[in-house]
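J.: just need the structure, nothing else, for what follows:
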Amino acid sequence: MPPDLSIVIVSWNVRELLRRCLDSIYSPLNRREEQGERPLTTEVIVVDNASMDGSAALVAAEFPQVRLIANAENRGFTGGNNQGIAVSRGRYVMLLNPDTEVVGDALAAMVAYMDSRPEVGVLGPQLLYPDGSVQSSRRRFPTFGTALFESTWLQSWAPPGLLERYYVLDRRDDETSEVDWVMGACLVVRREVIERVGGLDEGFFMYSDEPDWCKRIKDAGWKVVYFPGARVIHHEGKSSEQVVPARHIYFQTSKVRYFRKYHGPLAAGALRFFLLALYGQQLVLEATKAVLGHKRPLRRQRVAAYWQVLRSGLK
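T.: Okay, the predicted model is just below:
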């Protein structure tokens, strides 16, 4: 019999967070068994993307029940998750970031919800910040307008309602609802869905892969649901913050690629030009501040990061 749930965790240099993540998975499962509740059968697959902090050794030593795939090179979020999905056997597959902690019986709650609603292809729990406040994790599909403002220096200048709609702020945080896509920090996908539409698009090294996957899944006829009946703490960005220039490049390059894929080369070209112009403007601004002596180490760091983005051409 296949397990109820396969949990795929792609990890890169977050050893201590990974330990807490795995503890948060196994503690509720062990408690359910001790209390004689219906067991939730799981398998956990950790794909280590060539970490240099001993993450793979930690998993092997402290969590021998985990299936460990230790890569010799970093295959990114999409490549690593596809590796895990390929060897998984569960009725459902969960993608879970290593900088997360599962709260209580969230795993069982998500499986029960999916079991009762066969039309749902993807389920995302409510994500929380470590202080317990709600972290935005549900979205509508991006438009060209949202792409120009969201996660850029112009975000505070966005037209009224534009980003509020994108972030689904017109619905309560405690309301279970159908959405366009959910964040990849934690999402559950039905096995049948993966067999039908395939895995993540590895053309996205990281970022924009979730809206792409959810769009393909919705286009195939399944629903995507935000489910606050399950909660997961997300420490957010603990891997990507270690390489700030690469994070900028991957985020914006993936955004451009998404628009090329779904809106055509003209929209993608216009977005790419706009983003490069923004980075050029910010580079000049940071260089000017450095010349004037304002926080020079910080300004030089930013100039170097933005110069790398410009050199990449976001291609």
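J.: then Gln126 would be within a helix, right?
T.: No: per DSSP: H, G, I helix; E, B strand; the rest coil, Gln126 lies outside any helix segment and is strand.
J.: number of residues surrounding the closest residue to it other than its chain neighbours?
T.: Distances taken as Cβ to Cβ, 6 or more residues apart in numbering place Pro228 nearest to Gln126, at 3.9 Å, with adjacent residues excluded. Every residue, glycine included, has its C-beta placed from N, CA and C. Residues near Pro228, counting by other Cβ atoms under 10 Å, number 18.
J.: also the one 4 residues further on?
T.: Neighbour count of Val232, defined by other Cβ under 10 Å: 26.
J.: in the helix or strand that contains it, what counts as buried?
T.: Val232 belongs to strand 223-234 when assigned by DSSP states H and E. Using 16 or more other Cβ atoms under 10 Å as the test for burial, strand 223-234 gives Val224, Val225, Tyr226, Phe227, Pro228, Ala230, Arg231, Val232, Ile233, His234.
J.: that strand pairs with which strands, parallel or anti?
T.: strand 100-102 (antiparallel), strand 120-128 (parallel), strand 177-179 (antiparallel) (DSSP bridges).
J.: circling back to that earlier point, please report the distance of the residue nearest to Gln126 from Met206.
T.: Using Cβ to Cβ, to the nearest Å, Pro228 is found at 26 Å from Met206.
J.: any stretches of this protein with poor pLDDT?
T.: Along the chain, segments meeting pLDDT under 70 span 30, 32-36, 237-244.
J.: would you list every one of the strands in it?
T.: Under the criterion DSSP state E, the chain carries strands at the ranges 5-11, 42-49, 67-71, 92-96, 100-102, 120-128, 134-135, 138-139, 177-179, 181-182, 186-190, 223-234.
J.: ok, which stretches of the protein are helices?
T.: 15-34, 55-62, 76-87, 106-116, 144-149, 162-166, 191-197, 209-219, 244-263, 265-291, 296-312 (DSSP state H).
J.: ok now the last one, how far from the chain's centre?
T.: The one in question is helix 296-312. Remark: helix 296-312 is offset 25 Å from the chain centroid, using Cα atoms, centre = their mean, to the nearest Å.
J.: check which residues of that helix are buried.
T.: Applying 16+ other Cβ under 10 Å to helix 296-312 flags Arg299, Arg302, Val303, Ala305, Tyr306, Trp307, Val309, Ser312 as buried.
J.: spit out the contact partners of the last one.
T.: The neighbours of Ser312, taking Cβ atoms under 8 Å, 6 or more residues apart in numbering as the test, are Ile249, Thr253.
J.: name the residue closest to the centre of this protein, please.
T.: Centre of the chain computed as the mean C-alpha position; nearest residue by Cα atoms, centre = their mean is Gly184, 3.0 Å away.
J.: find the nearest non-adjacent residue to that one, please.
T.: Glu210 (4.3 Å).
J.: show me the contacts for that neighbour.
T.: Per Cβ under 8 Å, 6+ apart, neighbours of Glu210: Trp181, Val182, Met183, Gly184, Leu187.
J.: now tabulate the strands of the chain in TSV and tack on distance to Gln252.
T.: Below are the strands of the chain laid out as TSV (distance: least, Cβ to Cβ, whole Å):
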stretch	distance to Gln252
strand 5-11	21
strand 42-49	21
strand 67-71	25
strand 92-96	22
strand 100-102	25
strand 120-128	23
strand 134-135	22
strand 138-139	17
strand 177-179	24
strand 181-182	19
strand 186-190	23
strand 223-234	22
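J.: so which of these is nearest Tyr279?
T.: strand 138-139 (23.8 Å; Cβ to Cβ).
J.: pairing partners for the closest one, with directions?
T.: strand 181-182 (antiparallel).
J.: you'd agree Cys214 is up against Glu178?
T.: No: here Cys214 does not reach Glu178: they are 11.2 Å apart, not a contact under Cβ atoms under 8 Å.
J.: who touches both of these two?
T.: Val224.
J.: and the buried residues of strand 223-234 as JSON lines, adding distance to Glu202?
T.: Compiled in JSON lines, the buried residues of strand 223-234 are given as follows (distance: Cβ to Cβ, whole Å):
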{"residue": "Val224", "distance to Glu202": "21"}
{"residue": "Val225", "distance to Glu202": "26"}
{"residue": "Tyr226", "distance to Glu202": "26"}
{"residue": "Phe227", "distance to Glu202": "27"}
{"residue": "Pro228", "distance to Glu202": "31"}
{"residue": "Ala230", "distance to Glu202": "28"}
{"residue": "Arg231", "distance to Glu202": "30"}
{"residue": "Val232", "distance to Glu202": "25"}
{"residue": "Ile233", "distance to Glu202": "28"}
{"residue": "His234", "distance to Glu202": "23"}
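J.: done for today, thanks.
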